[in-house]
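A.B. asks: Return atomic coordinates for the entry below.
(2 chains)
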Amino acid sequence: MFGQQVMSGLATGSLYALTAVAVVVVFRNTRTINLAQGDFSMMGAFFALILLKQFGFNYYAALGLAVLGVILLGVLVERAVMRPIADSDWLTLFTATLGVYYILHGVAGWLWGRDTKAFPVTFDPTPVKLLGAIVSEGHLINMAWAAGIGLILYIFFRYTKQGIAMRAVTDDPETARLMGIPVRFIVMLTWAMAGFLAAFAGVLIAPIIFVGPQMMDEVLVKGYVAAVFGGLYSIPGAVIGSLMIGVAENLAGGYLGSQYKTATAFAMIVALLTLRPKGLFGIQHRREV
Amino acid sequence: MTDATLGTHREAESARRRAVAALKQRFAQQDVALACLLFVVLIALPLAPGVQGWMASQATLVIVYVIAAQGVALLVGYTGLVTVGHGGFLAIGAYTAALLTKHFGVDMLIAILAGGVMSAIIGTLLGLIFLRLAGPFMAIGTLGFAFFIGTVVNNAKIFEGREGISLPPKNALFGHAIGDTGFYYVSVVCLALVTLFLWSLLRSSVGRALRALRDSERAAEGSGVNRWFYRTIAFAVSACITGIAGALSGLAIHFVSAEVYGDIWYSVDLLVAVVVGGSSMMMGPFIGGLFVVMVPFFFEQLVDFASILKGGVLIAVLLFAPAGIGEVLARPVRAMRARRLAAVGMPPERSLGKPMPVNR
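C.D. replies: Next up is the predicted model:
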């Protein structure tokens, strides 16, 4: 029982991680808390759903095209909305993404309706035995995807020129610019990465929570909480935070009752922020006068 | 310079100061007169043809939102703390008032006050946690708070979840049953009191301390302003005002359910109202409250279009009028006043349409 709760918690947590990491990547490069991150995922899920149902694509083709579509959406948002106000204070950037949130919610509701739809791909619920715990195949597949994406990100940040440039922009945008790094391009790449992660988050979670304009609202809040665990700065911190939230809420749901499941994330963030106001893995920035 | 020329110079200087002070006082009187005019219009509104009953309750809703947005503006605009969780206080106020009315049948005045007090207490406690946090962290923390309140009212038995708490169709004020129009007047009085209170608060030493902290935390603290003390006051007052608005909103529609108050995006609506209207001017919440209530009202059949419109307007405001619509409306008046002040020898004032100096 306990092992099972932990395993399925890790599986949900690894899906939260996709959102949390995107929140961190966007925040640390652009000072923007992206409220539209969940809606990027929602759009991705809808793209995939339509490709599967109306055009009869197979799952992987639909997933690939959805990823491409959401990357374009992220770049579009950066060009049309975020770039003109890039120098504003963080509240302006934050509210701008809120505007995007409203628009995407409206567009999705208008085109596809407000009711939730079932996602046609379901995994074989046959349990698989792993490390003494019984896990469903869907959970394993989701964890495998999340791990694969994690590996891609690791390689990107560690070995590619663009990834290293992105880290330089994170550390100090001004110096990065003086060193000849095209900061604007890197910022665009950041939003593209947010789209990339969002599409996977949306399509992978769709069979679990159904597809609709509101589908990601709750996941997004948990993604934020997880991102705060990493001080809105550290990617490993955000991943660990996501897994902790996934496990904690599953345990709370299993042992205390399902209504405690959603309140767990809040209890955790209050505890965390009371003890460490800048997150578990956050760095303390110097305050300026 | 001889003593005689120095004397005339001094005289001219003091005459200039007197003229500037007199003109400034005149402008302040004009502002007060304008506010009074607005309230006269609000009082006369139910007398206008076609504004009976249902429209009066719609107007009540606008007023409730304006009050709630005033609470948010006190934090976001004047204190420089961003909250995305004030829907939680709206819910606390609404449920406090509803439970007291349902189980104890209290007078609506007591229910409204209790809503405000309950919010203030919880706001003070939360302030102790949230005021430790830097900007973006506080935004996420408060969003989590709204989310938590949503979960509680959806699940705890006493709040009756989505079934909701139904209240008697008439509210009792001093033992008299009052209808929609009567309730409208109660909310106008609440709005007037809250506006007056905020207006005086912001002109008091507390208001100056809050603005000093907003503009530069360190400089203010260095000058002996106690950050914790004043920000806790701001958080509590802000929660209290929004709680009063919540109590009013629940009593106005005689129904409080988790479907409405458990929705975290209500909190976000309040932030939208403040940003669109203009967060650091008294007029801002009025415009913003009108905006967030009227858009869904006019597009009742087109929920999705209303959502797109709201997002579009929000982005347009941020791109073209970052200090809010109120600032754009006030700009010509400010320019005219600056010219008249310059004519009597006052150096040009700095624009109040400042970018918000929240931690960058």
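A.B. asks: Measure how far the one helix or strand A:Arg28 maps to is from the centre of its chain, please.
C.D. replies: Using DSSP states H and E, A:Arg28 sits within helix A:2-30. Centroid separation for helix A:2-30 versus its chain: 7 Å, with CA atoms, centre = their mean, to the nearest Å.
A.B. asks: likewise stretch A:88-106?
C.D. replies: That offset, for stretch A:88-106, works out to 17 Å (CA atoms, centre = their mean).
A.B. asks: Quick check: which helices or strands does the helix holding A:Arg28 pack against?
C.D. replies: Using 3 or more CB pairs under 8 Å, 6 or more residues apart in numbering or on different chains; DSSP states H and E, the elements in contact with helix A:2-30 are helix A:37-53, strand A:133-136, helix A:137-159, helix A:161-171, helix A:183-209, helix A:217-229, helix A:235-255. For every residue, glycine as well, the C-beta is placed using N, CA and C.
A.B. asks: can you list the weak-confidence ranges in the stretch 101-250 of chain A?
C.D. replies: A:121-133 (pLDDT under 70).
A.B. asks: Surely A:Val23 and A:Leu35 touch.
C.D. replies: No: with contacts counted by CB atoms under 8 Å, A:Val23 stays clear of A:Leu35, the gap being 9.6 Å.
A.B. asks: picking that back up, deepest in the core, which of the helices and strands packed on helix A:2-30 is it.
C.D. replies: Highest mean neighbour count of those: helix A:217-229, a mean of 27 (counted as mean count of other CB atoms under 10 Å in any protein chain shown).
A.B. asks: what's the angle from that helix to helix A:235-255?
C.D. replies: Orientation check (axes from the mean of the first three to the mean of the last three CA atoms, to 10 degrees): helix A:217-229 against helix A:235-255 gives 130 degrees.
A.B. asks: contacting residues around residue 117?
C.D. replies: Chain wasn't specified; assuming chain A. By CB atoms under 8 Å, 6 or more residues apart in numbering or on different chains, the contact list for A:Lys117 reads A:Leu49, A:Phe210, A:Val211, A:Gly212.
A.B. asks: try chain B instead
C.D. replies: Contacts of B:Val117 (CB under 8 Å, 6+ apart): B:Cys240, B:Gly243.
A.B. asks: so how far is chain A from it?
C.D. replies: 23 Å (CB to the nearest CB, to the nearest Å).
A.B. asks: ok, so what distance separates that residue from A:Gly241?
C.D. replies: The spacing between B:Val117 and A:Gly241, counted by CB to CB, to the nearest Å, is 36 Å.
A.B. asks: Same question for A:Leu72.
C.D. replies: Separation of A:Leu72 from A:Gly241 (CB to CB) stands at 29 Å.
A.B. asks: Check B:Leu318 too.
C.D. replies: For B:Leu318, the distance to A:Gly241 - CB to CB - is 30 Å.
A.B. asks: Ok, A:Leu197 next?
C.D. replies: The value you get for A:Leu197 to A:Gly241, if CB to CB is used, is 15 Å.
A.B. asks: Ok, B:Lys170 next?
C.D. replies: In terms of CB to CB, B:Lys170 sits 50 Å off from A:Gly241.
A.B. asks: can you give me the offset of stretch A:1-21 from its chain's centre?
C.D. replies: 14 Å.
A.B. asks: Check the average confidence over that stretch, would you?
C.D. replies: In this model, stretch A:1-21 has a mean pLDDT of 85.
A.B. asks: which of the residues in it are buried?
C.D. replies: Neighbour-count burial for stretch A:1-21, counted by 16 or more other CB atoms under 10 Å in any protein chain shown, picks out A:4-21.
A.B. asks: Packing partners of the helix or strand containing B:Leu37?
C.D. replies: According to DSSP H and E, B:Leu37 maps onto helix B:3-44. Contacts defined by 3+ CB pairs under 8 Å, 6+ apart place helix B:3-44 against helix B:180-203, helix B:325-343.
A.B. asks: State the mean pLDDT of the shortest one.
C.D. replies: Okay, so that is helix B:325-343. pLDDT averaged over helix B:325-343 gives 83.
A.B. asks: now that helix against helix B:3-44, angle please.
C.D. replies: Helix B:325-343 and helix B:3-44 meet at an angle of 150 degrees, taking the same axes, to 10 degrees as the criterion.
A.B. asks: ok, now the longest one?
C.D. replies: Angle, helix B:180-203 to helix B:3-44, by the same axes, to 10 degrees: 160 degrees.
A.B. asks: and the next element down the chain from helix B:180-203?
C.D. replies: Next element after helix B:180-203 (DSSP H and E): helix B:205-215.
A.B. asks: ok, and what's touching that next one?
C.D. replies: Helix B:205-215 has contacts (CB under 8 Å, 6+ apart) with B:78-80, B:201-202, B:219-221, B:223, B:225-227, B:230-231, B:233-234, B:357-358.
A.B. asks: Repeat the analysis, applying 7 Å as the threshold.
C.D. replies: B:Tyr78, B:Thr79, B:Gly80, B:Leu201, B:Ala220, B:Val225, B:Arg227, B:Tyr230, B:Arg231, B:Ile233, B:Ala234, B:Pro357 (CB atoms under 7 Å, 6 or more residues apart in numbering or on different chains).
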